[in-house]
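Novice: The following comprises the amino acid sequence and a computationally predicted model.
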Amino acid sequence: MQITQGDLRLTAERTTISYTDTGTLTIQRLDATGGVVVTRGTERASGAAGVYDFNRKVIVLSGGVNLRRGGDSLSG
């Protein structure tokens, strides 16, 4: 599964989308599992699972997380 929003791309084996329907569908949250990878430009983050909170515009990754920005990297 691949989801794109502007220059942000999220890929994962499985995603579940939560939304509200008040006349128009509005995505509230996206839960992703299985090889989650988030990229934007030269930035890349990956983990086993991720939650994208559309209201707060925050992505939280868990499970073997790796971050890479240019030549810098962090894993934990």
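Specialist: Perfect, I can see it now.
Novice: so what secondary structure elements neighbour the helix or strand residue 36 falls within?
Specialist: Assigned by DSSP states H and E, residue 36 belongs to strand 25-40. If you count contacts as 3 or more CB pairs under 8 Å, 6 or more residues apart in numbering; DSSP states H and E, strand 25-40 packs onto strand 8-11, strand 14-21, strand 43-53, strand 58-62. Backbone N, C-alpha and C define where each C-beta goes, glycine included.
Novice: Out of these, which is closest to residue 71?
Specialist: Ranking the helices and strands packed on strand 25-40 by proximity to residue 71 (CB to CB) places strand 43-53 first, at 12.0 Å.
Novice: Quick check: neighbours of the closest one in the sheet, parallel or antiparallel?
Specialist: Strand 43-53 has the following sheet partners, assigned by DSSP bridges: strand 25-40 (antiparallel), strand 58-62 (antiparallel), strand 66-69 (antiparallel).
Novice: where in this structure is pLDDT low?
Specialist: Within the chain, no stretch has pLDDT under 70.
Novice: Give me the contacts around stretch 68-76.
Specialist: Residues from elsewhere that reach stretch 68-76 (CB atoms under 8 Å, 6 or more residues apart in numbering): 42, 43, 44, 45, 64, 65, 66, 67.
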